[in-house]
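J.: Turn this into a structure:
(one chain, ligands or ions: 1)
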Amino acid sequence: MAAPAPDFALQLAHVARKFGAQFVLRDVTLDLRPGEVAALFGGNGAGKTTLLRVVAGLLSASRGEGRVFGYDLKDKRSVREHVFFMTEGGGLYGDLTATENLDFTARMYGLTAPSAELLERVGLGAAANKRARDLSSGMRKRLQLARMLLAPSPLLLLDEPFANLDAGGKDAVLTHLRAAQDAGKTILFSSHEPELAGQVATRTLTLEQGVLG
Ligand SMILES: Nc1ncnc2c1ncn2[C@@H]1O[C@H](COP(=O)(O)OP(=O)(O)OP(=O)(O)O)[C@@H](O)[C@H]1O
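T.: Take a look at the predicted model:
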């Protein structure tokens with residue numbers, strides 16, 4: 001691959017990933033420019049989460065190359081510094097309360113503790129003192145959304161951000177994704193909900209047979 005090209009938020013060239021003998025990703029090539037919002041579709045087991053994990057620096061590619069803001073995917077430390085990866089449970093500490101989880105996230109990024117208003121913004125004001133493990137699945141998703149609002153990372157990777165949310169939660173995700181888009185962030189998110197995803201995505205991608213179309 002050519003020299004780092006930081007005018008791209010993400011570049012993937014012929015990325016493959018296998019588990020055992022099975023190739024889940026066969027040949028994924030993708031360029032995302034800063035500010036693009038890409039929705040990633042594909043049936044169950046198509047490899048969406050696997051692709052997000054490769055981009056997040058959590059899984060290595062079996063073949064191919066990629067860069068995040070010019071940093072080689074193999075330079076996992078630099079990649080992780082530029083990426084926020086939102087999954088339902090990832091990055092949450094079950095024993096800590098919602099407030100403590102956000103304080104921890106803020107410290108991780110070298111920020112001061114966020115105000116209680118942040119939890120209000122995602123509809124979790126009443127659950128501030130509940131431990132993460134005692135939150136419902138949708139409430140954990142909202143807590144993840146609050147973590148995303150804190151993260152200074154320029155590339156946001158979101159695994160099914162609309163799943164397990166009620167109508168208000170889905171609206172909150174849309175609102176905050178639009179705000180992140182307005183702030184110039186690049187976003188790649190997987191979804192099974194084309195109607196919702198289409199309200200924010202500037203691009204749609206589909207994974208099928210390990211190839212991106
Ligand atoms: N760590 C792993 N070890 C072995 N196989 C794995 C591993 N992670 C994922 N897979 C397999 O890779 C395939 C793709 O899984 P992945 O979770 O990426 O799909 P997905 O598109 O996100 O699916 P869904 O829409 O159902 O969430 C599946 O067959 C899955 O079993």
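J.: Which residues of this structure lie near the ligand?
T.: Counting by Cβ under 6 Å from any ligand atom, the chain comes close to the ligand at 19, 24, 42, 44, 45, 46, 47, 48, 49, 50. Just so you know, the C-beta spots here come from the backbone N, C-alpha and C atoms, and that holds for glycine as well.
J.: So what's the gap between the helix or strand hosting the second one and the chain middle?
T.: Right, the one you point to is residue 24. Assigned by DSSP states H and E, residue 24 belongs to strand 22-32. Put simply, strand 22-32 sits 17 Å off its chain's centre (Cα atoms, centre = their mean, to the nearest Å).
J.: Which strands or helices does that strand pack on?
T.: Judged by 3 or more Cβ pairs under 8 Å, 6 or more residues apart in numbering; DSSP states H and E, the packing partners of strand 22-32 are strand 10-19, helix 48-55, strand 203-208, strand 211-212.
J.: Need the winner for burial among these.
T.: The highest average neighbour count among the helices and strands packed on strand 22-32, using mean count of other Cβ atoms under 10 Å, belongs to helix 48-55 at a mean of 23.
J.: residue ranges of the helices in the protein, please?
T.: Per DSSP state H, the chain carries helices over the ranges 48-55, 76-82, 98-108, 117-121, 137-150, 167-182, 194-197.
J.: List the buried residues in the longest one.
T.: Within helix 167-182, the residues that qualify as buried by neighbour count (16 or more other Cβ atoms under 10 Å) are 169, 170, 172, 173, 174, 176, 177, 180, 181.
J.: any idea how far the nearest residue to the first one once chain neighbours are set aside is from the ligand?
T.: Using Cβ to Cβ, 6 or more residues apart in numbering and skipping the chain neighbours, the partner closest in space to residue 169 is residue 138 (5.5 Å). Spatial separation of residue 138 from the ligand under the definition Cβ to the nearest ligand atom, to the nearest Å is 17 Å.
J.: which ones are touching residue 138?
T.: Applying Cβ atoms under 8 Å, 6 or more residues apart in numbering, we find residue 138 in contact with 164, 165, 166, 169.
J.: For it, report the pLDDT, please.
T.: Looking at residue 138, its pLDDT is 90.
J.: Can you tell me how far it is from residue 99?
T.: As judged by Cβ to Cβ, to the nearest Å, residue 138 and residue 99 stand 18 Å apart.
J.: got the contact list for the nearest residue in space to residue 190 that is not next to it in sequence?
T.: The spatially closest residue to residue 190, leaving aside those adjacent along the chain, is residue 48, at 3.9 Å (Cβ to Cβ, 6+ apart). By Cβ under 8 Å, 6+ apart, the contact set of residue 48 is 40, 41, 42, 159, 190, 207.
J.: Thank you, goodbye.
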